[in-house]
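Chemist: Give me a model of this one.
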Amino acid sequence: MGKSSKPSSKSVSAFAVYSAEAATTQKLKRERAGSSPSLQENMTPAVYHPLNDDKAKPSSSFIKSFSNKAAFSLRRASSKRKAKHKKLLQGVTGTYQQWEPSCIPSTTNTRSPLVNFAPKPVKFGTRQHVKKSTTAISSPKPKESTTNINNNEIMKFNRAAILYKEDASIELSTSQSLNSCEDDDQPSTPDQRIKNSESFAADHLLAVESKPPPKKKFRVEDESICSENKSQIKKRKGNFTNKANISTGSVTTISQKAQDIPKMPFPVGDSENDGKELFEWLIHPYTSHKFFKDIWESRPLLVLRHCPRYADGLFSTKEMNRILNECNVRYSVNLDVTTYQNGRRETHNIDGRAYAPVVWDYFKNGCSIRLKNPQAFSKPVWRLCATLQEFFKCMVGANTYLTPPGTQGFAPHYDDIEAFVLQLEGKKEWTLYSPRSGKETLPRYSSGNFTADEIGDEIFTQTLEAGNLLYFPRGYIHQAKALPDTHSLHVTISMYQRNSWGDLLEKLLPTTLQNAIIDDVEFRKGLPLDYLSLFGEQNCDKHPDRRRAFMGKISDLFRRLADKVDIDAAADEHGINFLHDAMPPYMTQDEKSRSIHGCDVGMTSPGTPTHYICDIDEKTRIRVLRKNALRIVASQNDTNDNSVVQVFHCVQNPRVYHQEEKKTFEILRQFAPALEFLIHKYPCYVTVGSLPLDSNEDKVNLAISLFEKGILVTEEKIKMLSNP
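Modeler: Sure thing, here's the model as predicted:
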């Protein structure tokens, strides 16, 4: 359809962002930048052409105008769109018809031309819309022109899933539901479930619809996902067979077939051990000891588990849709919309909040969606990052990437983090390349985008399916593309960003040199009169004997400098930065009930609280919340007050990176040994009376102060007392 059948003067723009005001602003910007050919190309309103039209506008320029809020003579056609969706709800078969963007009127069944990633049209779905039928959901025999439905690929939205090790105190709620675990009040039919056309498009975007599960509340673990004989499932471990471990000089591949589904371990009370077990689950069936000995920072690792449900409950497209609907996700801050075609990477972010209909429309037009910090919106991802950071003792972050079928969202590049790519849905083809030089091995900063002739030697190309894992060290160039027949969703877990020896020395050397200058007179002696005549570009080949003597003096000073190293101060500075970067600890419901979070205060009358005093005495058994969640350091204040020490912690950190300042408080220096005692006793509980302080009053006061800051948890739930 080249032109609309109705007068263009009555046409309206697509979504609110295409308002007349936005169009006027964009036009003024283009007039000021009239010398730019790429902007001049989009000065006139874009006309929608079918793919088979020789005059079709280039897709890249169309998307550029589309993403920058240019004015289009496009009709919303809301009545036609509503009729189309009403038709979808009343009769659905097993295949999709080729998609049409909701903001563009259509008289033919051609796909959107906004992105043209292949010479031939690429189908974004495999369903066809049919006429009404008496059955809400039916599956007749497909026609020759349709794609058969694989019963083993039922829609992931409508199945129960194991999240983590069972915790009887937690149930999935509406805000946490990740795998269509329906609540009692949730409608069970499509007509009831779908409140508007946008939510319908999101729910039916990526998979074949199946009959919804029975109405009930699922516990954190549901037996429908487990093997038939639950007793055969080993605790925290899966039974894998058909092992194939292939190691080459560039990459190590391990392939095993799973008979049982290993469960993601749930924290049980020892934070460092919990983090280790979770990491063991992440790289399973590879062992952590062998990983750090043979793989870490040296070569990629590919784990083919043949277990699509391995990471069920961690993250899903349904969870992303919930986040877009319920959370304040902002473009550029939390989410990026990207494309990569013809060797060019483009970002199509607009201003403001990322609303679900707009984001899914971008996705349907071939754009990749990157959620930068899913841990800020998703509790399972938060739990994953918070648990792993206790083991690695550095910030652990995550990004999720949703890619349409047959597309690529990012150019070849390398990163400055250790990357663990866990495939969650669909398939994606990954290609890795060796670092181009020694200078780019384990780099401190990420690269820019590379062209095809800049990326170096290819190591391997492999398709990741759901449940598979790919690890590669920083500096390895990589690119990935979704397969033509399915979308792709994966999470990249990242760590060890600027956590190297060089980063430690960068903090260590300045303070060490300052101390050496103060303490050692050799560092304060004057330089030789002729040193400028010995060194420099013009003197580099002159006076070799004098140059050697001078360098001998430099070596001697470096040896003296090593004796002045204050590694404790440098480690404290590094630790403070880690606590500022870190996620707040993820607390179970049981832990919350035994912390300040579980101390409920009642009211007898307006302005009269009751039971607001925490009953902590010498017999109360306590421990710190997490071993690596706090750090005692010398006072950082300018007053240099030696009577106090500072305690930095991440207990009250927000889930958004560096959204707030560092969390710290001061305690008297005589109380510091008691807090050290609690840290080193972790994970054991000790009585308040066993703290190494002189008086019971000091012991109780310190325990109450730390408990009220969320630093401590008790072994038993605290009783609340009224005003004495």
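Chemist: If we ignore the residues flanking it in sequence, what's nearest L464?
Modeler: Here the nearest residue to L464 in space, its sequence neighbours aside, is Q423; by C-beta to C-beta, 6 or more residues apart in numbering that works out to 4.2 Å. Every residue, glycine included, has its C-beta placed from N, CA and C.
Chemist: One more: N468?
Modeler: Residue nearest to N468 in three dimensions, not counting chain neighbours: Q423, with 5.0 Å by C-beta to C-beta, 6+ apart.
Chemist: gap between the one you found and K439?
Modeler: The span separating Q423 from K439 equals 31 Å under the rule C-beta to C-beta, to the nearest Å.
Chemist: More neighbours: the two, which one.
Modeler: Neighbours of Q423 and K439, each counted by other C-beta atoms under 10 Å, are more numerous for Q423; the result is 24 against 8.
Chemist: Confirm for me that that one is in contact with A466.
Modeler: Yes: the pair Q423 and A466 passes the contact test of C-beta atoms under 8 Å, sitting 5.4 Å apart.
Chemist: mind listing the helices in the stretch 401-550 of the chain by residue range?
Modeler: According to DSSP state H, counting those that start in this stretch, the stretch 401-550 of the chain carries its helices in the segments 501-519, 531-534, 544-563.
Chemist: give me the beta-bridge partners of the residue nearest to L464?
Modeler: Beta-bridge pairing of Q423 under DSSP bridges involves H490.
Chemist: show me what contacts it?
Modeler: For Q423, the contact set (C-beta atoms under 8 Å, 6 or more residues apart in numbering) comprises L464, E465, A466, G467, N468, L469, L470, S488, L489, H490.
Chemist: related to what we said a few turns ago, and the pLDDT for the residue nearest to N468?
Modeler: At Q423, the model reports a pLDDT of 98.
Chemist: how near is it to A311?
Modeler: From Q423 over to A311 the distance is 8 Å, taken as C-beta to C-beta.
Chemist: and if you look at S705?
Modeler: The separation that S705 has from A311, given C-beta to C-beta, amounts to 41 Å.
Chemist: which of these two has more neighbours?
Modeler: Set side by side, S705 and A311 show unequal neighbour counts under other C-beta under 10 Å, the larger going to A311 at 27 against 14.
Chemist: Figure out the helix or strand that the more buried one lives in.
Modeler: For A311, there is no enclosing helix or strand under DSSP states H and E.
Chemist: any chance of the helices of the stretch 401-550 of the chain in CSV, with mean pLDDT, mean neighbour count and distance to G475 too?
Modeler: Below are the helices of the stretch 401-550 of the chain laid out as CSV (pLDDT from 0 to 100; neighbours: other C-beta atoms under 10 Å; distance: least, C-beta to C-beta, whole Å):
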stretch, mean pLDDT, mean neighbour count, distance to G475
helix 501-519, 93, 14, 14
helix 531-534, 88, 14, 38
helix 544-563, 92, 12, 29
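Chemist: Of all the ones you listed, which one is nearest L630?
Modeler: For the helices of the stretch 401-550 of the chain, proximity to L630 was assessed by C-beta to C-beta; helix 501-519 is nearest, at 19.9 Å.
Chemist: The closest one - contacts with which helices or strands?
Modeler: helix 544-563, helix 567-581 (3 or more C-beta pairs under 8 Å, 6 or more residues apart in numbering; DSSP states H and E).
Chemist: Minimum distance to P484: which of these has it?
Modeler: Smallest distance to P484 across these (C-beta to C-beta): 39.2 Å, for helix 567-581.
Chemist: Tell me how many other residues surround D351.
Modeler: Applying other C-beta under 10 Å, we find 10 other residues in the vicinity of D351.
Chemist: that's a strand at it, yeah?
Modeler: No: residue state for D351 (DSSP: H, G, I helix; E, B strand; the rest coil) corresponds to coil; a strand is not indicated.
Chemist: Kindly list the main-chain dihedrals of it?
Modeler: For D351, the backbone dihedrals are phi -90, psi 150 (criterion: degrees, to the nearest 10).
Chemist: Tell me if I'm right that it and Y331 touch.
Modeler: Yes: contact status for D351 versus Y331: in contact at 6.6 Å, counting by C-beta under 8 Å.
Chemist: re earlier: which residues are common contacts for Q423 and A311?
Modeler: By the contact definition C-beta under 8 Å, 6+ apart, Q423 and A311 are jointly contacted by A466, G467.
Chemist: Poorly predicted segments of the stretch 201-350 of the chain, please.
Modeler: Across the stretch 201-350 of the chain, the ranges flagged by pLDDT under 70 are 201-249, 257-261.
Chemist: ranges for the helices of it?
Modeler: Ranges of helices within the stretch 201-350 of the chain are 271-283, 288-294, 317-326, based on DSSP H, counting those that start in this stretch.
Chemist: out of those, nearest to A411?
Modeler: Closest to A411 of the helices of the stretch 201-350 of the chain is helix 317-326 (C-beta to C-beta; 23.1 Å).
Chemist: then the closest one to CSV, C-alphas only?
Modeler: Listed in CSV are the C-alpha atoms of helix 317-326, where the atom choice follows Å, rounded to 0.1, in the frame of the first residue of the first chain:
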residue,chain,number,x,y,z
THR,A,317,10.0,-12.3,28.1
LYS,A,318,6.9,-12.4,30.3
GLU,A,319,8.9,-11.0,33.1
MET,A,320,10.3,-8.3,30.8
ASN,A,321,6.7,-7.4,29.8
ARG,A,322,5.7,-7.2,33.5
ILE,A,323,8.6,-4.8,34.1
LEU,A,324,7.7,-2.6,31.2
ASN,A,325,4.1,-2.4,32.4
GLU,A,326,4.7,-1.9,36.1
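Chemist: Now do that helix: which elements does it pack against?
Modeler: Counting contacts by 3+ C-beta pairs under 8 Å, 6+ apart, helix 317-326 is packed against helix 197-203, helix 356-364, strand 368-371, strand 397-403.
Chemist: Now tabulate those in CSV and tack on mean neighbour count.
Modeler: Conversion of these to CSV gives the following (neighbours: other C-beta atoms under 10 Å):
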stretch, mean neighbour count
helix 197-203, 19
helix 356-364, 21
strand 368-371, 23
strand 397-403, 24
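Chemist: hang on, E676 in a strand?
Modeler: No: with three-state DSSP as the criterion, E676 is located in helix rather than a strand.
Chemist: Look up how far L691 lies from it.
Modeler: Noted for E676: a distance of 10 Å to L691, by C-beta to C-beta.
Chemist: quick one, which of the two is more surrounded?
Modeler: For E676 versus L691, neighbours defined as other C-beta under 10 Å are more numerous around L691 (22 against 13).
Chemist: ok, so what distance separates the more buried one from V700?
Modeler: Between L691 and V700 the computed distance is 9 Å (C-beta to C-beta).
Chemist: same question, I613
Modeler: Counting by C-beta to C-beta, the gap from I613 to V700 is 12 Å.
Chemist: Same list (the helices of the stretch 401-550 of the chain) but as JSON lines, adding distance to F315.
Modeler: Formatted as JSON lines, the helices of the stretch 401-550 of the chain follow (distance: least, C-beta to C-beta, whole Å):
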{"stretch": "helix 501-519", "distance to F315": "30"}
{"stretch": "helix 531-534", "distance to F315": "61"}
{"stretch": "helix 544-563", "distance to F315": "47"}
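Chemist: Out of these, flag the one nearest D590.
Modeler: Checking the helices of the stretch 401-550 of the chain against D590 by C-beta to C-beta gives helix 501-519 as the closest, at 37.4 Å.
Chemist: Sounds good, over and out.
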